[in-house]
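# predicted model, plus sequence, below.
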Amino acid sequence: MFSFIKSKQTEFTQAVQRRIHPRQRTRLRPAKLANLNNEFICDCSIRDISDGGLRILLNQDTDLPNEFYVFDVVHRNVSEVELCWRKELDAGVQFVVPPANIRHFSNTGLQRLAQRLYAMDD
């Protein structure tokens, strides 16, 4: 009769066991995504953060590459991440290169992510 509850508990237990680092909620911090060629992908929100990665909420349904950059608008950090899972607009990523302040990057493409309005070339 309550088999659906047991299956949800099992799914939750499995997810917790896979998680190495505890997550912290972020109150949906704004972020921007760019591919490794510095091309803008989309805006998103950071839902959770841990020492190992992020859970992001995309603003639109778009394809994500295997690896890409995440720019945290509030803390002005950039990290290179690898996509671990995706469910509709939610995605989980792990850090390939942990977050570092944008000022440490000489890459002009990444520097453009920090501008208020990110323009794409035609």
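Cool, got the structure. Residues are numbered from 1 along each chain as shown.
# show me where this structure has its strands.
Listed in chain order, the strands of the chain (DSSP state E) span 24-35, 40-49, 53-58, 67-72, 77-87, 90-101.
# those into CSV, with extra columns for mean pLDDT and mean neighbour count?
Placement of C-beta: from N, CA and C, glycine included. What follows is the strands of the chain, written out as CSV (pLDDT from 0 to 100; neighbours: other Cβ atoms under 10 Å):
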stretch, mean pLDDT, mean neighbour count
strand 24-35, 81, 16
strand 40-49, 94, 18
strand 53-58, 95, 22
strand 67-72, 96, 21
strand 77-87, 95, 16
strand 90-101, 95, 16
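# so can I have CSV of the ones you listed showing distance to residue 114?
Below are the strands of the chain laid out as CSV (distance: least, Cβ to Cβ, whole Å):
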stretch, distance to residue 114
strand 24-35, 9
strand 40-49, 12
strand 53-58, 18
strand 67-72, 7
strand 77-87, 8
strand 90-101, 10
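# select, out of those, the one closest to residue 113.
Of all those, strand 67-72 sits nearest to residue 113, with 4.1 Å by Cβ to Cβ.
# kind regards, and thank you for your time.
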